[in-house]
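Participant: What follows is a predicted structure for the sequence shown.
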Protein chains: 2
Amino acid sequence: MRTRFQQGLDDLRTRLLRMSGLAEQAVDRACQAYVDRDLSRCHMVLEGESQINAIEREIDELAFDLLALQQPMAVDLRFILAVTKINADLERVGDQAVNIAERVMDMVELPKVDLPVDIPRMAAAVSAMVRRSLESFIEGKAELAQAVLEMDNVVDRMRDEAFIMLVKVMNERPEVTRQALDALLVARNLERVADHATNIAEDVIFWVRGADVRHNVPQEAPAQPSVTDTH
Amino acid sequence: MRTRFQQGLDDLRTRLLRMSGLAEQAVDRACQAYVDRDLSRCHMVLEGESQINAIEREIDELAFDLLALQQPMAVDLRFILAVTKINADLERVGDQAVNIAERVMDMVELPKVDLPVDIPRMAAAVSAMVRRSLESFIEGKAELAQAVLEMDNVVDRMRDEAFIMLVKVMNERPEVTRQALDALLVARNLERVADHATNIAEDVIFWVRGADVRHNVPQEAPAQPSVTDTH
């Protein structure tokens, strides 16, 4: 039988997944807009931001209510706190998508040039990181989260390569400096999305392991059984 | 008489202020390193990062313990959740200081050039935002937080000006592209610090107003007096 509290936790999980879906979609759209020089997708990203912000607030409120109306057990408490942190990271993933869309809007006004940077490849890697960090959280698997941390190095390397190549372009072809700079900043924004995925993965490792640790400490979990059992 | 719970809240507040002091110091040092082309200050910033990360974890653990061992009243609960959010922002302020220090380390290897960007002025504005956002939190004043939000526009404008001027430099003097790009990225990192101050201010407004609202809803605060009074 599911208690109201358990339903609240499920609801929190569902909304966080929705938040994550919207944040990922925003990044994908912004990167697709980059590839296609597509202003309409840029506007979709800009318009989607307020929805992401609204869900962020809803999740925070729900987390607050669950904490205020119940006394969660240690493992649930860690889950709820992790949700509020991951929530903040996802909102900032959405902000990065907006930044990318703004750079694309700048680029579209300039002559199109071929640049030595593979944004779609970088975007695919970054999207995978966000998706897997959420998976690791939902499944409570620290080892999946660990894999996300390792992917971050790959993305950092892509960003460094883009940096070197694009600075070279700026030096050799000053007339396309602004386009190269826009691409460089898009690469940097993608790297920041990867950083948020890394933050999420770190939180997952911290909270999962912390929950495990606390779970094995007998004097903590059963300290207030009369309260924690009333869920 | 101060209860153990109240002491815990005070401890949380004290540590957050220490965290904020370290994050601000890191930004100031990185910007001073920019001005003086001072590698030793860059290294101090890089070495200080692990201390900031350690305090972040301590604050999270303390917040968790306070939530786990007590059933805080709504107003205290909001305070604790706000601390965990602000904590994450301050850690990222520290990350931005590291990014700035890394750019300075790149610049120091290149010939010194005069660039049309006033990094110290921008740094001063950004530091003031971080300081005031923390003040608004500690004093629980939404109107102070509101002032921080307004300062963000000023910093955004400085960043935009820096962007325009430095792209012009890149176009006209390709031989100093890399220095101009470093300066541009430093300006961008400072703007991101301002964004974190803005996040903190938004959280303060949300939590302070939320706390007020909830405080005026009689069915919530006294719902479990026998538990909340055991602090």
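Facilitator: Ah, there it is.

Participant: Alpha carbons only: can I get stretch A:3-10 in PDB?
Facilitator: Presented in PDB, the C-alpha positions along stretch A:3-10 are these (Å, rounded to 0.1, in the frame of the first residue of the first chain):
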ATOM      1  CA  THR A   3       1.200   6.100   1.700                       C
ATOM      2  CA  ARG A   4       0.600   9.700   0.900                       C
ATOM      3  CA  PHE A   5       4.300  10.400   1.600                       C
ATOM      4  CA  GLN A   6       5.400   7.700  -0.900                       C
ATOM      5  CA  GLN A   7       3.100   9.200  -3.500                       C
ATOM      6  CA  GLY A   8       4.700  12.500  -2.800                       C
ATOM      7  CA  LEU A   9       8.100  11.000  -3.400                       C
ATOM      8  CA  ASP A  10       6.900   9.400  -6.600                       C
END
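
Participant: Can you give the distance of it from its chain's centre?
Facilitator: Distance, stretch centre to chain centre, for stretch A:3-10: 25 Å (Cα atoms, centre = their mean, to the nearest Å).

Participant: Quickly check: that stretch near chain B or not.
Facilitator: No. Judged by Cβ under 8 Å from any Cβ of the partner chain, stretch A:3-10 and chain B are separated, with a smallest distance of 13.6 Å. To be clear about C-beta, it is placed using only N, CA and C from the backbone, and glycine gets the same treatment.

Participant: What segments of chain A are helices?
Facilitator: Taking DSSP state H as the criterion, chain A carries its helices at A:4-36, A:39-69, A:74-108, A:119-138, A:142-172, A:177-215, A:225-228.

Participant: Make TSV from those and add mean neighbour count and distance to B:Leu110 to it.
Facilitator: Output for those, formatted as TSV (neighbours: other Cβ atoms under 10 Å in any protein chain shown; distance: least, Cβ to Cβ, whole Å):
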stretch	mean neighbour count	distance to B:Leu110
helix A:4-36	19	30
helix A:39-69	18	35
helix A:74-108	23	25
helix A:119-138	20	26
helix A:142-172	17	11
helix A:177-215	22	17
helix A:225-228	13	60
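
Participant: Within range of chain B, give me the residues from chain A.
Facilitator: Going by Cβ under 8 Å from any Cβ, the residues of chain A near chain B are A:57, A:60, A:63-64, A:67-69, A:71, A:74, A:77-78, A:81, A:84-85, A:88, A:167, A:170-172, A:174-175, A:177-178, A:181, A:184-185, A:188, A:199, A:206, A:210, A:220, A:223, A:227.

Participant: repeat that with 7 Å
Facilitator: A:64, A:67-68, A:71, A:74, A:77-78, A:81, A:84-85, A:88, A:167, A:170-171, A:174, A:177-178, A:181, A:227 (Cβ under 7 Å from any Cβ of the partner chain).

Participant: Might you report the residue contacts of A:Asn87?
Facilitator: Residues near A:Asn87 by Cβ atoms under 7 Å, 6 or more residues apart in numbering or on different chains: A:16, A:19, A:56, A:59-60.

Participant: measure it to A:Arg78 for me?
Facilitator: A:Asn87 sits at a distance of 15 Å from A:Arg78 (criterion: Cβ to Cβ, to the nearest Å).

Participant: and what of A:Ala194?
Facilitator: On the measure of Cβ to Cβ, A:Ala194 and A:Arg78 end up 25 Å apart.

Participant: pLDDT score assigned to A:Asp229?
Facilitator: A:Asp229 is assigned 35 on the pLDDT scale.

Participant: let me redo that: A:Val130
Facilitator: Reading off the confidence values, A:Val130 has pLDDT 95.

Participant: That one: what's it in contact with?
Facilitator: A:20, A:23-24, A:93, A:193, A:197.

Participant: farthest pair in the residues you listed?
Facilitator: A:Ser20 and A:Val193 (12.1 Å; Cβ to Cβ).

Participant: For the residue lying closest to A:Glu143 once chain neighbours are set aside, give me its contacts.
Facilitator: Using Cβ to Cβ, 6 or more residues apart in numbering or on different chains and skipping the chain neighbours, the partner closest in space to A:Glu143 is A:Ser136 (8.0 Å). By Cβ under 7 Å, 6+ apart, the contact list for A:Ser136 reads A:144-145, A:148, A:201, A:204.

Participant: How about A:Met105?
Facilitator: By Cβ under 7 Å, 6+ apart, the residues touching A:Met105 are A:39, A:42.

Participant: now swap in A:Arg18 and tell me
Facilitator: So A:Arg18 contacts A:Ile55 (Cβ under 7 Å, 6+ apart).

Participant: so where's chain A shaky on pLDDT?
Facilitator: A:1-2, A:211-231 (pLDDT under 70).

Participant: Tell me which residues touch the residue nearest the centre of it, please.
Facilitator: Nearest to the geometric centre of chain A sits A:Leu90, at 3.9 Å (Cα atoms, centre = their mean). Residues near A:Leu90 by Cβ under 7 Å, 6+ apart: A:19-20, A:23.

Participant: Settle this for me: A:Val98 is touching A:His43, isn't it.
Facilitator: No. With contact defined as Cβ atoms under 7 Å, A:Val98 does not count as touching A:His43 (11.0 Å).

Participant: thought A:Val113 was touching A:Leu181?
Facilitator: No. At 11.8 Å, A:Val113 does not count as touching A:Leu181 under the criterion of Cβ under 7 Å.

Participant: Can you tell me how far the nearest residue to A:Leu22 once chain neighbours are set aside is from A:His43?
Facilitator: Counting by Cβ to Cβ, 6+ apart, A:Leu22 lies nearest to A:Ile52, which is 5.3 Å off, once chain neighbours are set aside. Between A:Ile52 and A:His43 the distance is 15 Å, computed by Cβ to Cβ.

Participant: Check A:Gln70 too.
Facilitator: 42 Å.
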